[in-house]
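just need the structure, nothing else, for what follows:
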Amino acid sequence: MKKGNKKHHIDVPVDVYSLEKHLYSLMFSGLYVSNVDIRNIMKKMGYEAALDARENLFELLFSEAAKEGRKKEAYGYLGDLVESRMKRYKTYEKLYPKAANATHVWLTKSQRTLDRIHSEMEQMDA
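Numbering: from 1, shown residues only. Here you go, the predicted structure:
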């Protein structure tokens, strides 16, 4: 699935690949997901991994979750991360009213990202 000169090559389903690219673009997602964020999700799910590039960790997270039938759980933790960032943005709006134009854009994009995550989870039930 992946192209490029990656040290580790892990094939991931198209839905995961598409979401990964969406999350890594601030222009689309409205938030920054770091390698530490992904590793923390992995720890919550009981997966061990050395700190690595976020792309490698993301793919490892979803490949392990898919093997164990836990992809929906991984999506849930990702949704929790987005929701926590949205709460932070709402706090920023209250504390810094003059920055409301920027934070509103972040919130709108983050909400779309959360909706997309929920849509992926719903498709798993179908």
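
please report the distance of the residue lying farthest from the centre of the chain from residue 30.
The C-alpha centroid of the chain is most remote from residue 98, which lies 28.3 Å away (Cα atoms, centre = their mean). Look at residue 98 and residue 30: by Cβ to Cβ, to the nearest Å, they are 19 Å apart. In short, each C-beta sits where N, CA and C put it, glycine included.

list the buried ones in stretch 41-59?
Using 16 or more other Cβ atoms under 10 Å as the test for burial, stretch 41-59 gives 41-42, 45, 47, 52, 54-59.

spatially nearest residue to residue 52 (excluding sequence neighbours)?
Using Cβ to Cβ, 6 or more residues apart in numbering and skipping the chain neighbours, the partner closest in space to residue 52 is residue 35 (6.6 Å).

mind listing what the one you found touches?
Counting by Cβ atoms under 8 Å, 6 or more residues apart in numbering, residue 35 makes contact with 51-54, 57.

before we move on, what about residue 83?
residue 114.

tell me which element residue 65 falls in.
Using DSSP states H and E, residue 65 sits within helix 54-67.

mean pLDDT per helix and strand in the protein: which one sits at the bottom?
helix 14-23 (a mean of 81; mean pLDDT, DSSP states H and E).

off-centre distance for that helix?
9 Å (Cα atoms, centre = their mean, to the nearest Å).
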